[in-house]
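**Student:** got a structure for you, letters missing:
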Ligand code: FES
(Lines give C-alpha, C1' and ligand atoms only; values in the text may rest on other atoms or scores of the structure.)
Protein backbone atom coordinates (compact mmCIF):
# COMPACT_ATOMS: atom_id res chain seq x y z
CA UNK A 1 0.00 0.00 0.00
CA UNK A 2 1.39 3.41 -0.98
CA UNK A 3 2.14 5.88 1.77
CA UNK A 4 0.73 9.37 1.37
CA UNK A 5 3.17 12.25 1.33
CA UNK A 6 2.29 14.48 4.30
CA UNK A 7 3.63 17.50 2.43
CA UNK A 8 1.29 17.04 -0.51
CA UNK A 9 -1.98 17.15 1.40
CA UNK A 10 -4.32 19.43 -0.51
CA UNK A 11 -6.60 21.50 1.67
CA UNK A 12 -10.13 22.39 0.58
CA UNK A 13 -9.19 26.01 -0.14
CA UNK A 14 -6.52 24.94 -2.57
CA UNK A 15 -3.48 25.30 -0.33
CA UNK A 16 -0.92 22.53 -0.25
CA UNK A 17 1.27 21.89 2.76
CA UNK A 18 4.85 21.91 1.50
CA UNK A 19 7.07 22.27 4.56
CA UNK A 20 7.33 22.87 8.26
CA UNK A 21 8.28 26.41 9.24
CA UNK A 22 11.07 24.96 11.39
CA UNK A 23 12.81 23.73 8.21
CA UNK A 24 13.34 27.30 7.07
CA UNK A 25 16.44 28.32 8.94
CA UNK A 26 18.43 31.39 7.98
CA UNK A 27 18.14 32.71 4.43
CA UNK A 28 19.39 29.68 2.56
CA UNK A 29 15.97 28.54 1.36
CA UNK A 30 14.68 25.06 0.60
CA UNK A 31 13.07 23.47 -2.43
CA UNK A 32 10.03 21.22 -2.78
CA UNK A 33 8.15 19.57 -5.60
CA UNK A 34 4.64 20.85 -6.21
CA UNK A 35 3.11 18.86 -9.02
CA UNK A 36 5.47 19.24 -11.96
CA UNK A 37 7.05 22.37 -10.54
CA UNK A 38 9.99 22.82 -8.23
CA UNK A 39 9.25 25.60 -5.79
CA UNK A 40 11.60 27.49 -3.50
CA UNK A 41 10.76 28.68 -0.01
CA UNK A 42 12.74 31.44 1.68
CA UNK A 43 12.13 32.82 5.13
CA UNK A 44 12.32 36.59 5.32
CA UNK A 45 11.84 38.91 8.26
CA UNK A 46 8.63 37.37 9.62
CA UNK A 47 7.37 36.14 6.25
CA UNK A 48 7.90 33.30 3.83
CA UNK A 49 8.33 33.80 0.09
CA UNK A 50 7.40 30.93 -2.26
CA UNK A 51 8.17 30.94 -5.97
CA UNK A 52 8.92 28.69 -8.88
CA UNK A 53 12.63 27.93 -8.55
CA UNK A 54 13.64 29.18 -11.99
CA UNK A 55 15.39 32.38 -12.96
CA UNK A 56 13.39 33.98 -15.79
CA UNK A 57 16.61 35.05 -17.53
CA UNK A 58 18.12 31.71 -18.62
CA UNK A 59 16.14 29.29 -16.50
CA UNK A 60 18.77 28.51 -13.89
CA UNK A 61 17.64 27.05 -10.58
CA UNK A 62 17.85 29.84 -8.03
CA UNK A 63 17.89 27.91 -4.74
CA UNK A 64 19.97 24.72 -4.40
CA UNK A 65 21.32 25.22 -7.89
CA UNK A 66 24.37 27.41 -8.19
CA UNK A 67 23.53 29.14 -4.94
CA UNK A 68 21.29 32.18 -5.27
CA UNK A 69 22.08 34.73 -2.58
CA UNK A 70 19.40 36.25 -0.34
CA UNK A 71 20.09 39.68 1.11
CA UNK A 72 17.33 41.58 2.89
CA UNK A 73 14.23 41.04 0.77
CA UNK A 74 16.18 40.35 -2.41
CA UNK A 75 17.46 37.21 -4.11
CA UNK A 76 20.32 37.44 -6.61
CA UNK A 77 20.78 34.82 -9.29
CA UNK A 78 24.38 33.55 -9.27
CA UNK A 79 24.62 33.28 -13.03
CA UNK A 80 24.35 36.87 -14.25
CA UNK A 81 23.30 38.79 -11.17
CA UNK A 82 19.64 39.50 -11.85
CA UNK A 83 18.14 40.41 -8.50
CA UNK A 84 14.51 39.80 -7.53
CA UNK A 85 12.44 41.40 -4.81
CA UNK A 86 10.95 38.43 -2.96
CA UNK A 87 7.82 40.35 -1.91
CA UNK A 88 6.75 41.03 -5.48
CA UNK A 89 8.92 38.75 -7.61
CA UNK A 90 9.93 41.75 -9.74
CA UNK A 91 13.49 41.89 -11.03
CA UNK A 92 15.13 45.14 -9.95
CA UNK A 93 17.98 45.12 -12.47
CA UNK A 94 16.60 43.16 -15.41
CA UNK A 95 13.28 42.52 -17.12
CA UNK A 96 12.09 39.28 -15.57
CA UNK A 97 9.66 38.43 -12.80
CA UNK A 98 9.54 35.38 -10.57
CA UNK A 99 6.39 33.29 -10.52
CA UNK A 100 5.23 33.81 -6.94
CA UNK A 101 2.84 31.64 -4.97
CA UNK A 102 0.50 32.66 -2.20
CA UNK A 103 1.72 31.57 1.22
CA UNK A 104 0.05 31.01 4.56
CA UNK A 105 1.50 29.67 7.78
CA UNK A 106 -0.81 27.43 9.75
CA UNK A 107 0.08 25.59 12.94
CA UNK A 108 3.77 25.75 12.09
CA UNK A 109 3.27 24.46 8.54
CA UNK A 110 3.93 26.36 5.33
CA UNK A 111 1.11 26.09 2.79
CA UNK A 112 1.10 27.49 -0.73
CA UNK A 113 -1.26 27.85 -3.66
CA UNK A 114 -1.20 29.23 -7.16
CA UNK A 115 -3.51 32.14 -7.67
CA UNK A 116 -4.06 34.16 -10.81
CA UNK A 117 -5.26 32.96 -14.25
CA UNK A 118 -1.66 32.41 -15.25
CA UNK A 119 -1.43 30.16 -12.22
CA UNK A 120 0.68 32.33 -9.98
CA UNK A 121 0.23 34.94 -7.34
CA UNK A 122 1.53 38.41 -8.17
CA UNK A 123 3.31 38.86 -4.88
CA UNK A 124 3.76 37.64 -1.36
CA UNK A 125 0.90 38.09 1.08
CA UNK A 126 1.14 38.85 4.72
CA UNK A 127 0.37 35.91 6.93
CA UNK A 128 -0.56 35.45 10.53
CA UNK A 129 0.44 32.98 13.20
S1 LIG B 1 20.19 32.90 -15.47
FE2 LIG B 1 19.70 34.12 -13.75
S3 LIG B 1 20.56 36.04 -14.19
FE4 LIG B 1 20.98 34.86 -15.94
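**Tutor:** Ah, there it is. For clarity, every value in this text was computed on a predicted model and none was experimentally measured.
**Student:** Specify the beta-bridge partners of the residue nearest the centre of the chain.
**Tutor:** The centre of the chain sits closest to residue 50, judged by Cα atoms, centre = their mean, with a distance of 1.8 Å. Residue 50 has these beta-bridge partners by DSSP bridges: residue 41, residue 101.
**Student:** Residue 82 versus that one, what's the distance?
**Tutor:** Relative to residue 82, residue 50 is positioned 19 Å away (Cβ to Cβ, to the nearest Å). (C-beta placed from N, C-alpha, C; glycine too.)
**Student:** State the paired neighbours of the helix or strand bottoming out on mean pLDDT in the chain in the sheet, together with their directions.
**Tutor:** The weakest-scoring helix or strand in the chain, judged by mean pLDDT, DSSP states H and E, is strand 69-71 (a mean of 89). Here strand 69-71 is paired, per DSSP bridges, with strand 74-76 (antiparallel).
**Student:** Buried residues, the strand it pairs with. List them.
**Tutor:** For strand 74-76, the neighbour count (16 or more other Cβ atoms under 10 Å) marks 74, 75, 76 as buried.
**Student:** just the helices in this structure please.
**Tutor:** Counting by DSSP state H, one finds no helices in the chain.
**Student:** What is the burial count for residue 45?
**Tutor:** Residue 45 has 7 neighbours, counted by other Cβ atoms under 10 Å.
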